[in-house]
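> 3D, please:
(2 chains)
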2 protein chains.
Amino acid sequence: MGFEYGKRTKVWCCRDMMGGFNHYVVVKFKDGVAVEELTEGLVKMISGIEHVKSFQWGKDIGGPDFLRQGFTHAFLMTFNGKEEFDAFQSHPNHVEFSKLFSPAVENILVLDFPPTIVKA
Amino acid sequence: MGFEYGKRTKVWCCRDMMGGFNHYVVVKFKDGVAVEELTEGLVKMISGIEHVKSFQWGKDIGGPDFLRQGFTHAFLMTFNGKEEFDAFQSHPNHVEFSKLFSPAVENILVLDFPPTIVKA
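Numbering: from 1, shown residues only, chains lettered A, B, ... in the order given. Prediction:
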């Protein structure tokens, strides 16, 4: 169970090599919002922007509510680097979709970070 | 820019086929906590539990604080299924490490969900 030097080296090597960037968004939608339609639109919008390397999302089915703090949906996007993320942020389709998305959101949490990949 | 039927079919096919499960944790640590030591311990603990399929983490370097709501660190784990996640949750090494981790946490947000993979 000791910390493996090889594994640790690999972690640092790959994070630096990849230079990846993650955009993690957690949302609680307002009551009455057509969430399925909205997420379908989101999927369509993101699928059409080549700067996004990977995208997955889901609806929490987890444990006690105090752990999710009222949030229900998680969206994780990865990029090859900060530049691709910036290009996504300012992409016209993203900006346009935000006008639809933002008013539907009651609470949102966003974390942007270069990931350390421990297990791929 | 129309929604591609093939792509949509693939999404549903793969989510169901994979039966994966995601465990996404966002944390704000208490002041004075030795965060680097703690995350190193976390990496060691998770690396030693085979039920975890993938694991990455990072520290937010993003935009305005109102979007991260005081949270600083994201920890993203994936599993082949809910059973593997449950095995991780109750794993002795996890339970033991939680005794060290929990007191260091000022705020925590957890979302657990079967992911829809849009772009892999």
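
> Quick check: what element follows the lowest-mean-pLDDT helix or strand in chain A along the chain?
None of the helices or strands of chain A scores lower by mean pLDDT, DSSP states H and E than helix A:5-18, at a mean of 43. Where DSSP states H and E defines the elements, the next helix or strand beyond helix A:5-18 is strand A:21-29.

> which ones are touching the spatially most central residue of chain A?
Centroid-nearest residue in chain A: A:Leu76, 2.2 Å away (criterion: C-alpha atoms, centre = their mean). When contacts are counted by C-beta atoms under 8 Å, 6 or more residues apart in numbering or on different chains, A:Leu76 touches A:Asn22, A:His23, A:Tyr24, A:Val25, A:Ser54, A:Phe55, A:Gln56, A:Trp57, B:Tyr24, B:Leu76. The C-beta positions use only the backbone N, C-alpha and C, and glycine is treated the same way.

> Okay, and the beta partners of the first one?
Partner residues in beta bridges with A:Asn22, using DSSP bridges, are A:Thr78, A:Phe113.

> Check what pLDDT it gets.
pLDDT, A:Asn22: 97.

> just checking, it touches A:Pro115?
Yes - assessed by C-beta atoms under 8 Å, A:Asn22 is found in contact with A:Pro115 at 4.9 Å.

> Find the residues that touch each one of these two.
A:Thr78, B:Gln56, B:Gly58, B:Leu76.

> Show me the residues you listed that map onto strands.
Applying DSSP state E to the shared contacts of A:Asn22 and A:Pro115, the entries found in strands are A:Thr78, B:Gln56, B:Gly58, B:Leu76.

> in stretch A:25-34, what's buried?
A:Val25, A:Val26, A:Val27, A:Lys28, A:Phe29 (16 or more other C-beta atoms under 10 Å in any protein chain shown).

> so for it, what's the average pLDDT?
97.

> Show me the contact partners of that stretch.
Defining contact as C-beta under 8 Å, 6+ apart, one finds that stretch A:25-34 is touched by A:35, A:38, A:70-77, A:104-110, B:24, B:26, B:109, B:111.

> repeat that for 7 Å
Residues outside stretch A:25-34 that contact it (C-beta atoms under 7 Å, 6 or more residues apart in numbering or on different chains): A:35, A:70-75, A:104-110, B:109, B:111.

> Reformat the ones in strands among the shared contacts of A:Asn22 and A:Pro115 as a markdown table; add pLDDT and distance to B:Ser90.
What follows is those, written out as a markdown table (pLDDT from 0 to 100; distance: C-beta to C-beta, whole Å):
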| residue | pLDDT | distance to B:Ser90 |
| --- | --- | --- |
| A:Thr78 | 97 | 30 |
| B:Gln56 | 96 | 23 |
| B:Gly58 | 96 | 26 |
| B:Leu76 | 97 | 20 |
